[in-house]
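1. model this:
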Amino acid sequence: MLSKLMETIDKYCYNVDKDFINKAYNFAVDAHKKQKRESGEPYIIHPEEVACILAEMGMDQNTIAAGLLHDVIEDTEYSYEDVTREFNSEVADLVEGVTKLGKISYKTKEEQQADNVRKMLLAMAKDIRVILIKLSDRLHNMRTLRYMSVKKQKEKAKETLDIFAPLAHRLGISKIKWELEDLAFRYMKPNEYYELVDDISEKRVEREEYIKDIVVDLHKNLEEANILADIDGRPKHFYSIYRKMVNKNKTLDQIFDLTAIRILVNDIRECYTVLGIVHTMYKPIPGRFKDYIAMPKPNMYQSLHSTVIGPQGKSFEIQIRTYEMHKTAEYGIAAHWKYKEGITEEADSKDSEPVKADFNTKLTWVREMLDWQKETTNPEEFMESFKIDLFEDEVFVFTPNGKVINLPSEATPVDFAYKIHTDIGNRCIGGKVNGKIVPLDYKLKTGEIVEVLTSGITKGPNIQWLNSVKSNQAKVKIKSWFKKAKREENISRGKEVVEKEAKKQGYNFAEFIKEIGLDQILKKNSVNSLEDLYVSVAIGSTSASILVSKLKESMTGKSSVDTDETALKDIKEHISKEARKEKAKKTYNPGVTVKGETDILVRFSKCCNPVPGDDIIGYITKGRGVSIHRKDCENANNLIKQDGRRIVEVAWGNGSEAYVAEIQIKADDRPKLLTDIMEILNSMDTNIQSMSAKAVKGDIAFVTFKIKIVDISHLDILMRNIKKLRGVMEVYRTKN
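-> Down below sits the predicted model:
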């Protein structure tokens, strides 16, 4: 096994001390000698394969050695000090970095995943090689996933598609990204995978002949222009084809560019010359040309892409790049790992500092992610934002001075403003595109020149911008402004909500502070002060009911397993008790009071369906009494703008009638999804007023329910129980 690693090092690496690698290998063999893999093979096979993957990327000797030792601290009796003593602190730091990524604090699945991703971001900012080892580790585990249970296969495959493949893409390591995606696709959707493989294989010979003829013609024309080039037909990866079929709702027969022809030349000038030759040979399809040489992707990818119509009227993709660009396209950030071991064999040491600075600029997005992830404590929100940041397509726009700015697809002038500077975003009052004023929710397109119009004073952002901005950077900065601007208000509101919830569960919040200790409460909720905790509750990042339930468990020692069941029982008893009261009285007990009066005609607006516990306002209508709206209702805000004098103070009474609320569920489109949801609704004695469901892109289902509930706590517990169902991604209450 060691000979395979040494051959790989000879082929791809330089300045590697083989005695050092041999020592690391023998150390790993001894450490893992009693361990076996799931396949029954000696455990050493895994770290040796991880080291080979790292060597293929041309990594330095410390990284390859750390690949061999990456499980030693976690899975054997050896410590960080042992590795430092036997090798060096750099190798030990890399091994410890990978080890920390494996030690996850098991809470909910979302918190577990969010914690792990945060650790990865911190590790990446400190030393990017930790993630390269982790990606190599995941790749070999995916290659041997067949030995795991079906449940474990699907879990690992989903995590790979959600996190590791996008990370490889963001780091520009396409060689690992494509393989991770295809392997994950194979285990996530085996039927679709093997059906696609069979369909593609049927026409493989015909397709190869077609590509071979095109390659011959290209060679002939380039030789006539005295251009030496390597040309080959690269088949598209299965997962890439599958996504195109799903996203564009096409069959395999309708996708012609199953193969991309790649042309490698010596320099940039030849890239554009070759492009001109290709466009004289084959008719280019308008709108399908992309110049990633002039405007590289954030992951450093550079190439010219053009889709053309070839012989027989079939379209195919041409990719043109230099050999150096190709190396970067295959290995991304790994191809730029130069300042530790020297830039090239001929490099002068005096060049190392500029390269180091250039290398650091390529990791700016990691630091940006670290900045915005600090702003959210909600694990679900964090993971959703993280995935969007990794997956999002991009547009490239220009400042008036010609600087290229990359933004997420469908970004707005507000996204652009916050990308330039936080203060520019906060003072933004308008935008110009190509010299013309556009709305702030205008969707920017690649190539446009964007200018921000600002106010002389900082008025702050508009809360409605959160509905249109696409970048996490803009969202975080807008939310941050409102958090700071309304901090005092949020502290007061959060304190009121927490104390009310504590009283509802039979406690005084001061008791928790006295019995558990303020420091422990703050630590458990990852905040620095009591004021921060109140703010977190006020803005919805922390649930007051969950907070109090957990504190109650800490005091009583009661298991958290039955928390939801207990709350559910309380709600059922509450419903029954109130119903008996109502029956005995046989009198109407109003749900809402208007300025303290209980005999005024009120009606609940169907646009927002307020329920007890919501912040509400009243609007005096003409002839139909007072219309009750949630404060965050868009229609209510429009009414206020039209005639604020009709707004009247309202408050929830102690009525017992049921209220209508509408929730939407986003989930994997799987069998028995509706049955499982209905079981939860039935278990909570929840009446269903209406239901609708639809599937999008074949894999995702959206289910909408209008249900009758008692109050907001009833709704919270219901939504929390539905969120626990297999495949459910989101459960949220609709606004309008």
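
2. every contact and neighbour count from this point should use C-alpha atoms.
-> Will do.

3. ok, now which ones touch L674?
-> By CA atoms under 8 Å, 6 or more residues apart in numbering, no residues touch L674.

4. which helix or which strand is home to it?
-> Per DSSP states H and E, L674 falls inside helix 673-683.

5. with A260 instead?
-> Using DSSP H and E, the element containing A260 is strand 259-265.

6. report all helices and strands that that strand contacts.
-> helix 204-224, strand 230-235, strand 315-322, helix 323-331 (3 or more CA pairs under 8 Å, 6 or more residues apart in numbering; DSSP states H and E).

7. just want the angle from that strand to strand 230-235.
-> If you take axes from the mean of the first three to the mean of the last three CA atoms, to 10 degrees, strand 259-265 sits at 160 degrees to strand 230-235.

8. just confirm E49 is within a helix.
-> Yes. Counting by DSSP: H, G, I helix; E, B strand; the rest coil, E49 is located in a helix.

9. and the gap between the closest residue to it other than its chain neighbours and K134?
-> Nearest residue to E49, sequence neighbours excluded (CA to CA, 6 or more residues apart in numbering): H140, at 6.8 Å. Noted for H140: a distance of 10 Å to K134, by CA to CA, to the nearest Å.

10. any low-confidence regions in the stretch 51-200 of the chain?
-> 100-125 (pLDDT under 70).

11. let's see that with 90 instead.
-> Within the stretch 51-200 of the chain, the stretches with pLDDT under 90 are 58, 74-75, 96-131, 155, 158-159, 161-175, 196-200.

12. picking that back up, most packed of the helices and strands packed on strand 259-265?
-> Comparing these by mean neighbour count (mean count of other CA atoms under 10 Å), strand 315-322 ranks first with a mean of 23.

13. tell me the phi and psi of E649?
-> With angles defined as degrees, to the nearest 10, E649 sits at phi -70, psi 130.

14. got a pLDDT number for it?
-> Note on E649: pLDDT of 82.

15. does it really touch G618, like I thought?
-> Yes. E649 is in contact with G618 according to CA atoms under 8 Å; the separation is 6.2 Å.

16. these two: which has the busier surroundings?
-> Neighbour count, other CA atoms under 10 Å: between E649 and G618, G618 has more, with 27 against 12.

17. which element is the more buried one on?
-> Using DSSP H and E, G618 maps to strand 616-620.

18. that strand: what's the following helix or strand?
-> Once the chain leaves strand 616-620, the next helix or strand it forms, by DSSP H and E, is strand 626-630.

19. so what's the residue nearest to E49 up against?
-> Contact analysis of H140 by CA under 8 Å, 6+ apart lists 46, 49-50.

20. okay, strands next: where are they in the stretch 401-550 of the chain?
-> Counting by DSSP state E, counting those that start in this stretch, the stretch 401-550 of the chain has strands at residues 404-408, 428-433, 436-438, 450-454.

21. make TSV from those strands and add distance to E488, mean pLDDT and mean neighbour count to it.
-> Output for these, formatted as TSV (distance: least, CA to CA, whole Å; pLDDT from 0 to 100; neighbours: other CA atoms under 10 Å):
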stretch	distance to E488	mean pLDDT	mean neighbour count
strand 404-408	34	81	19
strand 428-433	25	90	21
strand 436-438	36	89	13
strand 450-454	28	91	20
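
22. returning to what we had before: what packs against the following helix or strand past the helix holding L674?
-> For helix 673-683, the following helix or strand on the C-terminal side (DSSP H and E) is strand 687-696. Applying 3+ CA pairs under 8 Å, 6+ apart, one finds that strand 687-696 contacts strand 700-709.

23. can you list the buried residues in the strand it packs on?
-> 700-709 (16 or more other CA atoms under 10 Å).

24. for stretch 535-553, same thing?
-> For stretch 535-553, the neighbour count (16+ other CA under 10 Å) marks 535-539, 541-545, 547-552 as buried.

25. what is the nearest of the residues you listed to H305?
-> Using CA to CA, S541 is the member of these that lies nearest H305, at 43.4 Å.

26. hang on, the earlier thing: now do the shared contacts for E649 and G618.
-> Listed as contacting both E649 and G618 by CA under 8 Å, 6+ apart are V594.

27. ok, K134 touching T99?
-> No. The criterion here is CA under 8 Å, and K134 misses it with T99 at 9.5 Å.

28. which neighbours do those two have in common?
-> Counting by CA under 8 Å, 6+ apart, no residue touches both K134 and T99.

29. still on that earlier bit, could you give the mean pLDDT of the helix holding L674?
-> Summarised as a single mean, pLDDT over helix 673-683 is 79.

30. what's the angle from it to strand 700-709?
-> Interaxial angle of helix 673-683 relative to strand 700-709 (the same axes, to 10 degrees): 20 degrees.

31. can you mark which positions in helix 673-683 are buried?
-> Neighbour-count burial for helix 673-683 flags 673, 677, 680-681 (criterion: 16+ other CA under 10 Å).

32. ok, now stretch 613-622?
-> By neighbour count on 16+ other CA under 10 Å, the buried set for stretch 613-622 is 614, 616-619.

33. pLDDT check: weakest of these?
-> The lowest pLDDT within these belongs to D614, which sits at 79.

34. quickly list what the closest residue to that one other than its chain neighbours is bridged to.
-> Spatial nearest neighbour of D614, chain neighbours left out: R630 (6.5 Å); criterion: CA to CA, 6+ apart. Applying DSSP bridges to R630 gives these bridge partners: I616.
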